[in-house]
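**Q** Model the structure of this input:
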Amino acid sequence: MGGEGWKSESEMGTFERTKGEYGVDEGLQTSPKDQARFFALTAPLDSEFKNEGKDLVISYTVKHEQNLQCGGAYIKLLKKGYNAKKFNGDTEYAVMFGPDLCGTSTRKTHVIFGYNGKNLLTKKNIKMESDRMAHRYTLILRPDNTYEVQVDGTKADGGSLYDDFDFLLPKKIPDPAASKPSDWVDEAEIPDPEDKKPEGYDDIPRTVPDPSKKQPEDWDEEEDGKWEAPQIANPDFKVWTQKKIPNPAYKGVWVHPQIDNPDFKDDAKVHAVCGAGCSGVGIELWQVQAGSIFDDVIVTDSLAEAEAFAKETFDKKKDAEKSKYDAIEKAKADEAAKKAEEAKAAADAAKKDEKKEEKEDDEDEL
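**A** Below is the predicted model:
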């Protein structure tokens, strides 16, 4: 377990090995006994991993048997030298990847890279799955500085690391020595000085008495005061707007001159988040409803190896789990229907007895 010195003992949750309610193989579960808790756990890789000049593939499965409504379900690829006992939300990482859900405000798959001391979030909103079945999340990071996210083996999103993340500072910046001239005219149009408001226009009232309304016959001015007809919009009144003409002094939209950014540093190897080495995988998250089951984790430089691993794990289990899930849900539905039927039968019997008693009471009165 990690999290030493991070949160109080009462705030930290635990993990369990379990098949869950309808699993066919054991996974690592955030314990359902520990609701609204922080979770932190690490596992070392078989060997130190470096990805400069080659693919990095992270793949794992997660299943929310508890019908997760708010909580993370992502994993982290940890840089070498991490402290397993003290692993927590502040521990430096190379990659944070996986789904995160909380109501309707957060519902996405995170892709975050640790780069030069900063955590860089994707600019895209990548889909996630939120049902109670297991789903496989895969991140592929390529040496051509592109990436791809797959959900259950199907591409969900991807693109350029340069476009979708702020790895590099902009090459050009506004010239700090330049500013818009004080006499710059950027109004494209001006009021037409030849267009004048018609004489007497301001004397036209906005409203007039409603001619269809007459003073009631029983109106008493001594008691009710002077009668005034209700007002209606005056059909002769129109809002006057002065016409506009092109501004002869208009100079166009001022564009701030750009200069080379002196702080810009190019990096042709932004994909190498494990260039100095990664040595572990961590689960660090907060869950309101605990019970998510993590399984089938693989970190490799070969997509083919990850796919082969998925065929021997996730793919083999998913149909059996779905069948088991359907059977359990059907049994629950059948039980609920049976109880509803029994309750209805009991209510009908009680109603029948009540009518019988009423009839017997009426006969006794006669």
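
**Q** Endpoints of stretch 279-293, how far apart?
**A** 23 Å (Cα to Cα, to the nearest Å).

**Q** Distance from that stretch to the middle of the chain?
**A** Put simply, stretch 279-293 sits 18 Å off its chain's centre (Cα atoms, centre = their mean, to the nearest Å).

**Q** Let's test this: mean pLDDT of that stretch, rounded?
**A** Averaging pLDDT along stretch 279-293 yields 97.

**Q** Okay, buried residues for that stretch please.
**A** Under the neighbour-count criterion of 16 or more other Cβ atoms under 10 Å, stretch 279-293 has 279-287, 289-293 buried. Using the backbone N, CA and C atoms, a C-beta is placed for each residue, glycine as well.

**Q** For residue 57, which non-adjacent residue is spatially closest?
**A** residue 306 (4.6 Å; Cβ to Cβ, 6 or more residues apart in numbering).

**Q** That neighbour reaches residue 59, doesn't it?
**A** Yes: here residue 306 lies in contact with residue 59, judged by Cβ atoms under 8 Å, at a distance of 4.8 Å.

**Q** what about those two, which has more around it?
**A** Ranked by neighbour count (other Cβ atoms under 10 Å), residue 306 and residue 59 place residue 59 first, with 25 against 22.

**Q** so who does residue 38 touch?
**A** Residue 38 makes contact with 3, 6, 7, 11, 12, 13, 89, 284, 285, 286, according to Cβ atoms under 8 Å, 6 or more residues apart in numbering.

**Q** Report the next helix or strand after the one helix or strand residue 298 maps to in sequence order.
**A** According to DSSP states H and E, residue 298 maps onto strand 292-300. Next helix or strand after strand 292-300 toward the C-terminus (DSSP H and E): helix 303-312.

**Q** in the protein, what spans have low per-residue confidence?
**A** 359-366 (pLDDT under 70).

**Q** Just give me the longest strand of it.
**A** When the chain is parsed with DSSP state E, its longest strand is strand 37-49.

**Q** in that strand, what's buried?
**A** 37, 38, 39, 40, 41, 42, 45, 49.

**Q** and what of stretch 318-335?
**A** For stretch 318-335, by 16+ other Cβ under 10 Å, it's 318, 321, 324, 325.

**Q** from those residues, which single one is nearest residue 189?
**A** residue 318 (63.9 Å; Cβ to Cβ).

**Q** Without its sequence neighbours, what residue ends up closest to the closest one?
**A** Per Cβ to Cβ, 6+ apart, closest to residue 318 is residue 134, 6.4 Å.

**Q** Quickly list what the one you found is bridged to.
**A** In this entry, residue 134 is beta-bridged to residue 63, by DSSP bridges.

**Q** got the contact list for the strand holding residue 298?
**A** Here strand 292-300 has contacts from 18, 20, 23, 25-30, 43, 45, 49, 56-66, 68, 71, 73, 75, 77, 134, 136, 278, 281, 283, 305-306, 309-310, 313-314, using Cβ under 8 Å, 6+ apart.
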